[in-house]
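J.: Starting from these lines, generate the structure:
(chains A and B, ligands or ions: 3)
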Amino acid sequence: MSIGSSPTTEPPALAAASHEEAPTRETLLALDGMTVTFRTPAGDRLPLVREASFQVRSGEIVCLVGESGSGKSVTARTVMGLTQRDPAMAVGGRAEVLGHDIVSDPSVTAGLRGRDLAMVFQEPMSSLDPVCTVGTQLTEALRRRHGKASRQAERSRLAELLAEVGIVDGRRVLDTYPHQLSGGMCQRVMIAQALACAPRLLIADEPTTALDVTIQAQILELVDRLRTEEQMAVLLVTHDMAVAAELADRVVVMYAGRVVEDAAPVALFDQQLHPYTSGLLRCIPPMVDERPARLVTIPGGVPSPAALPTGCSFHPRCPHSVDLCADRVPELADHGGRRSACWRAEELSR
Amino acid sequence: MLSLIVRRVLIGVPTILGVTVLLFLALRVLPGDPVSAVTAGAPTTPEAQEALRLQFGLDQPLWLQYLKFVGDALTLDLGTSYASRQPVLTMIGQQIGPTLQLAVAAAAVSAVAGILLGTVAAVWRNRWPDALIRTLSLVGTAMPSFWVGLILLMLFSFTLPLFPATGSGGVRALVLPALALGLSAAGTVTRLVRNSMLELMGETFVDALYAKGLTRGQVVVGHVLRNAIIPTVTIVGLQLGALIAGAVVVETVFARRGIGQMLVQGVSTSDFPVIQGVVLVIAVLYVLINIVVDVSYSVIDPRIRVAVGKG
Ligand SMILES: Nc1ncnc2c1ncn2[C@@H]1O[C@H](COP(=O)(O)OP(=O)(O)OP(=O)(O)O)[C@@H](O)[C@H]1O
Ligand code: SF4
Ligand SMILES: [Mg+2]
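T.: Ligands and ions are numbered 1, 2, ... in the order given. Next comes the predicted model:
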């Protein structure tokens, strides 16, 4: 604030600006030691997610990164209350979605879905009902939030939504069946469907993988705008570190079902407190042609939940591992506003 | 679309020819002499019998008899009944109505029962409703329709006189035969509906439907069932052909009018033209129904509909 201005004559624009800088952030997703286990037909319990802890607050984008098989989708689907549909899955620990405890009562998610809570799925081509038109399916989402309206009003609202995700001939697309659309189109339809309810918390599982760069930028811009203007909270699963760097308020790194590092992107890209994160960042692929290739992996692969290494799950692949690493599991510990689950975090950061 | 139909017809023709050849041979090899059946009870001379044999064309070599039968059939002449001296086609025309009625009613029973039970079993998977329905559907499939018919007769006609035991008139007389024929077909439909619904419930799009806030009822009825209906229509359609054949048996149990009774009478008097005519008509209907099912399948399923429309 400039020195000459008196507090009583503070221009409204400034007041608004300062309000935008520090909006009251509400915690819309809070995981605290959440575990998801899968019981195999043979009776073994496989840990798919192990003690995941992180938060997403209103107006925030939190990016969830990690190699394939690290448990990102399971985490996302559990937050939606979807893994719980499978009787072989068990959720433990603490998980609050929009203030509701979904571990003790998974059915609360049913009331939230399609109103304050929405999700974009990883496989766009198989996310739409093959025997219903796109219009029918979008209408269902619209009605869930806004109730029934006239057919004309609904169609023009849907066309608007489709235009927002870069589909210009929305009215035609409404009358098509999913198999008539490309993967990118399906993905955009799914995004429009998720946004139709104006959710307070959006779970987006790699929402832009099938899209070309222009559309991808447009979608991410849209999400960014909704976050700023509507205070939408977003859990964004992505393989694209560039996206995380640009959009995220925090980046949560998962490995073998555990959160191994959690930090603001600037701090994270500046210095990693977990060797796995360093490995991931070294693997940032150059922009090949139009879209970034998937992460090139660190030598070796993510262990399967059925054969987890002892101690730190990353130790067989870690260039810095010591004897302790194979013996004991490192806790996700606080390191001055960021967290890391590595025995040698302090040491390696020096 | 047209090429689809042509292809199906080309497959159907050898099927029908095969059936007629087998039947033709069987009738003439197996015991049973039409001439002595026609003249049963009446005093005849060997000369009179020989005259009948000539009249029926039974003195001709087999292959010639067969060619004549096929040639006549192509001109819609199925021959004349030895017993009634009426054209077989006319007789079938008079009798086929009740049979088709029964088969269609049975297909409806099979579809409705199969879809309801299959849905319940899928929704309550691995719980007692599922276990019960799975057992019933196995039992239903294993039990022959005449057996089901007899049980139904005992329960709902003799013990509880709700429906008439015999006869062909009216809807009430149709209920028990249609149940007898349809319930033994419903087991297959039940299992098909249950399994395809369970498979569908694991698909991502079902997750996506829940994610947008649809209730379980909306997801199951509005989407999963709708997807499962497509293979179900095919199966029920294909069943219709088998149900027309099955109607023959059930008609006998319930003493209903129809081509079944006609066939039974034909067999008991070795009335070759009647037997051949009825079987041929059933075979042709069977093949025709398959073609119609294939075509309607492509009309119902938007994925195929568009592909066919383009091609
Ligand atoms: N329905 C399921 N039943 C059993 N195991 C599962 C199920 N879904 C996922 N898993 C297992 O859980 C682990 C984590 O899977 P998840 O799909 O969450 O990985 P991801 O991080 O999303 O990977 P990607 O980047 O490939 O999407 C994998 O080992 C996977 O095999
Ligand atoms: S705990 Fe050990 S093995 Fe695990 S990341 Fe740290 S140094 Fe590597
Ligand atoms: Mg995934």
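J.: Name the residue of the stretch 51-200 of chain A that lies nearest to chain B.
T.: residue A:114 (2.1 Å; CB to the nearest CB). Any C-beta I mention is one placed from the backbone N, CA and C, and that applies to glycine too.
J.: What sits closest to that residue if chain neighbours are left out?
T.: Nearest non-adjacent residue to residue A:114, counting by CB to CB, 6 or more residues apart in numbering or on different chains: residue B:213, 2.1 Å away.
J.: if we can go back for a sec, give me the number of residues near the residue of the stretch 51-200 of chain A closest to chain B?
T.: Look at residue A:114: counted by other CB atoms under 10 Å in any protein chain shown, it has 26 neighbours.
J.: How far away from the center of its chain is the longest helix seen in chain A?
T.: Secondary structure of chain A per DSSP state H: the longest helix is helix A:213-230. Distance, stretch centre to chain centre, for helix A:213-230: 14 Å (CA atoms, centre = their mean, to the nearest Å).
J.: Could you list every helix and strand that the next helix or strand after that helix packs against?
T.: Counting by DSSP states H and E, the next helix or strand C-terminal to helix A:213-230 is strand A:233-237. With contacts taken as 3 or more CB pairs under 8 Å, 6 or more residues apart in numbering or on different chains; DSSP states H and E, strand A:233-237 sits against strand A:27-39, strand A:45-57, strand A:61-65, helix A:72-79, strand A:201-205, helix A:213-230, helix A:241-247.
J.: Distance from the chain centre to strand A:233-237, please.
T.: That offset, for strand A:233-237, works out to 3 Å (CA atoms, centre = their mean).
J.: So that strand, near ligand 1 or not?
T.: No: applying CB under 6 Å from any ligand atom, one finds strand A:233-237 separated from ligand 1 by no less than 6.7 Å.
J.: Run me through the strand neighbours of that strand, direction for each.
T.: Note on strand A:233-237: by DSSP bridges, its sheet partners are strand A:61-65 (parallel), strand A:201-205 (parallel).
J.: pull the CA atoms of it into CSV?
T.: Extracted in CSV, the C-alpha atoms of strand A:233-237 (Å, rounded to 0.1, in the frame of the first residue of the first chain):
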residue,chain,number,x,y,z
ALA,A,233,-9.7,-27.1,-5.1
VAL,A,234,-8.0,-29.5,-7.5
LEU,A,235,-6.1,-32.7,-7.0
LEU,A,236,-4.3,-33.1,-10.3
VAL,A,237,-2.7,-36.4,-11.1
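J.: For it, give me every contacting residue.
T.: Contact with strand A:233-237 is made by A:28-29, A:56-65, A:72-73, A:76, A:79, A:122, A:200-207, A:223, A:227, A:243-244, A:247-248, as judged by CB atoms under 8 Å, 6 or more residues apart in numbering or on different chains.
J.: For the strands paired with strand A:233-237, give me TSV that also has distance to residue A:350.
T.: Below are the strands paired with strand A:233-237 laid out as TSV (distance: least, CB to CB, whole Å):
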stretch	distance to residue A:350
strand A:61-65	25
strand A:201-205	36
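J.: Reformat those strands into JSON lines and put distance to ligand 3, mean pLDDT and mean neighbour count next to each item.
T.: Below are these laid out as JSON lines (distance: least, CB to the ion, whole Å; pLDDT from 0 to 100; neighbours: other CB atoms under 10 Å in any protein chain shown):
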{"stretch": "strand A:61-65", "distance to ligand 3": "9", "mean pLDDT": "97", "mean neighbour count": "26"}
{"stretch": "strand A:201-205", "distance to ligand 3": "6", "mean pLDDT": "97", "mean neighbour count": "25"}
